[in-house]
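> Below are the sequence and a predicted model; questions follow.
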Amino acid sequence: MRYLLFLLRRSRIFFLFLLLEGLALAMIINQRSYQRAVFINSTQRHLGELLEATDQFTRYLHLREENEVLARQNARLQALLARAQYFQVARGDTTVDSTHQQRFVSIPARVINSSYSKRNNFLTLNQGSQAGIKKGMGVTGPHGVVGVINRVSPHFASAIPIINPNLSLTGKIANSQYFGVLQWAPELGHRQLYLSDIPRYAQVDSGDAVITDSRSLIFPEGIPVGTVLDKTLQSDQNFLQLTLQMSTDFARLEHVFVIQDKLSRELDTLQP
Amino acid sequence: MKYAAIIARFILLVFLQVLVFNRFLFLGYFNPYVYILFLIYLPTTIPRWGTLLWAFGLGLAVDLFENSAGLHAAASVFLAYLRPVFFGYLTRGTEQDRSAINFRKVAPFALGVYALSCIFIHHLLLFLLESFQWAEWKSIFKRTFFSTLFTFVFVLLFQLWNFRRNRTIP
């Protein structure tokens, strides 16, 4: 017993070291596996406010450019309004008078913190559950797809961007309708993306546009993802893996929209 | 008085790291982690348990802003624990005592080797824990190597500034 106490006393620095490392590792593992490190994440209100305050400085530098992009996006959205709606046909040949009902609603938000050079990148937005944001909603930017919401607090939300290896979405080639899996890998850098599992007989040329697919159940169909840069045959020899140039530049992303699908619950009851 | 200076340095480096250096990217990929200057130059008169706790707090503060629970804390504590191993570079061939090293009186070259070792150990564990899988060892070593160089450049700049400051105010 005395010897044990002596041993403990002599190597107390080592035990303190083990204790602190254990604490840190527990935090890492906790955040990795459950995505819910409750007391350390920037969705916490005070940190969020601090981040927002620092963001106010940098925001003004990009104001003019952002305005231009937003104006262009407005014009595009007005031209495409019908796409965000669905036909409500009552029975056979009779149609209800108000044929168009809203399906997708977009909630504007601003990016107040983000990373694009790490392996597990993330985004923090300045809107939360009070603005109607829920876990699992899609996020788009002025140029195209951004990511998916994964945590929400009353005033802030955090999203996993498509440049995170833990997220995969469905995308398709705009002119031929072949669809595949969109997945990012760290070696690509923040401007490129893989689209894999495209059948090898598909005609793909570099420069073809890739858009979101309605199969993803998160985004409306037709939101731009990027353009094809390169194609290689996958190791199974049956499918192609395409490298895309992403249309969203995560290095200067500022204004985004969180997309709410009003029919998502109905779709969930139908599809397993 | 001594602790006031340490706390001031702690706060300054965390804010510099979060507000400035996290936005600094080399080739759009490699991030300098200059905040470990705090651990490299932490006075050796502080007891070792104190050093470990300072390192844990420092890492946690950076983690809070980077959304990376525990990652920097783990790497910083690891560096703080291994730091005395590198003191040999600093005391070799001088009269200095290991338990009270005056960093301003160490030869610049020895100080550089010491800082480089510290940075490398810290960054290696950081990137290992960040990817958490051996299959990516190539990318881990690449990132460790370039980020170490990148951080080292900033450490050298700091040393240069410190050196000149000593010359002007004897």
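Received the coordinates, thanks.

> which stretches of chain B form strands?
In chain B, no strands are defined using DSSP state E.

> what does it put close to chain A?
B:19, B:22, B:25, B:28-31, B:48-49, B:52-53, B:55-56, B:59-60, B:63-71, B:73-74, B:77-78, B:81, B:129-132, B:136, B:139 (CB under 8 Å from any CB of the partner chain). For the C-beta atoms, the positions are set from N, CA and C on the backbone; glycine is no exception.

> What subset of the residues you listed is buried?
Using 16 or more other CB atoms under 10 Å in any protein chain shown as the burial test, these include B:22, B:25, B:29-31, B:48, B:52-53, B:55-56, B:59-60, B:63-71, B:73-74, B:77-78, B:81, B:129-131, B:136 as buried.

> per-residue pLDDT, the residue in chain B that chain A sits nearest to?
Closest residue of chain B to chain A, CB to the nearest CB: residue B:70 (3.1 Å). The model reports residue B:70 with a pLDDT of 85.

> The one 5 residues further on now?
At residue B:75, the pLDDT value in this model is 93.

> burial measure for the residue lying closest to it once chain neighbours are set aside, as a count.
Counting by CB to CB, 6 or more residues apart in numbering or on different chains, residue B:75 lies nearest to residue B:126, which is 4.1 Å off, once chain neighbours are set aside. Residue B:126 is flanked by 24 other residues according to other CB atoms under 10 Å in any protein chain shown.

> next one: residue A:210
Using other CB under 10 Å, residue A:210 is surrounded by 29 other residues.

> Can you pull the phi/psi pair for it?
Note on residue A:210: backbone dihedrals following degrees, to the nearest 10 are phi -120, psi 130.

> For residue 143, give me the pLDDT.
This is for chain A. Value for residue A:143, per-residue pLDDT: 88.

> switch to chain B, that's the one I care about
If you check residue B:143, the pLDDT there is 84.

> just residue A:193 next, same as before
Note for residue A:193: predicted pLDDT of 92.

> ok, for it, nearest residue in space, not its chain neighbours?
Nearest to residue A:193 is residue A:244, by CB to CB, 6+ apart, at 4.5 Å.

> For the helix or strand hosting that neighbour, output the C-alpha coordinates as PDB.
Remark: residue A:244 resides in strand A:239-246, with elements defined by DSSP states H and E. The C-alpha trace of strand A:239-246 is given here as PDB (Å, rounded to 0.1, in the frame of the first residue of the first chain):
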ATOM      1  CA  PHE A 239     -19.000   2.300 -63.500                       C
ATOM      2  CA  LEU A 240     -17.400   5.600 -64.200                       C
ATOM      3  CA  GLN A 241     -16.100   8.000 -61.500                       C
ATOM      4  CA  LEU A 242     -16.400  11.600 -62.700                       C
ATOM      5  CA  THR A 243     -14.400  14.500 -61.200                       C
ATOM      6  CA  LEU A 244     -16.400  17.700 -61.000                       C
ATOM      7  CA  GLN A 245     -15.500  21.300 -60.800                       C
ATOM      8  CA  MET A 246     -17.900  22.600 -58.100                       C
END
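
> Just checking: what are the partner strands of it?
Using DSSP bridges, the strands paired with strand A:239-246 in its sheet are strand A:192-199 (antiparallel), strand A:224-233 (antiparallel).

> list the buried ones in the first one?
To tie it back to what came earlier, the one meant is strand A:192-199. A:192, A:193, A:194, A:195, A:196, A:197, A:198.

> what two of these have the greatest distance between them?
The largest separation in the buried residues of strand A:192-199, counting by CB to CB, is between A:192 and A:197 at 17.4 Å.

> how close does the residue nearest to residue B:75 get to residue A:126?
Distance of residue B:126 to residue A:126, given as CB to CB, to the nearest Å: 29 Å.

> so where's chain B uncertain?
B:1, B:26-29, B:163-170 (pLDDT under 70).

> tell me, what residue is most central in it?
residue B:36 (2.6 Å; CA atoms, centre = their mean).

> what's around the closest residue to it other than its chain neighbours, how many residues?
Excluding the flanking residues, the one nearest residue B:36 by CB to CB, 6+ apart is residue B:122, at 5.3 Å. Residues near residue B:122, counting by other CB under 10 Å, number 29.

> cool, residue B:11 as well?
Neighbour tally, residue B:11, other CB under 10 Å: 11.
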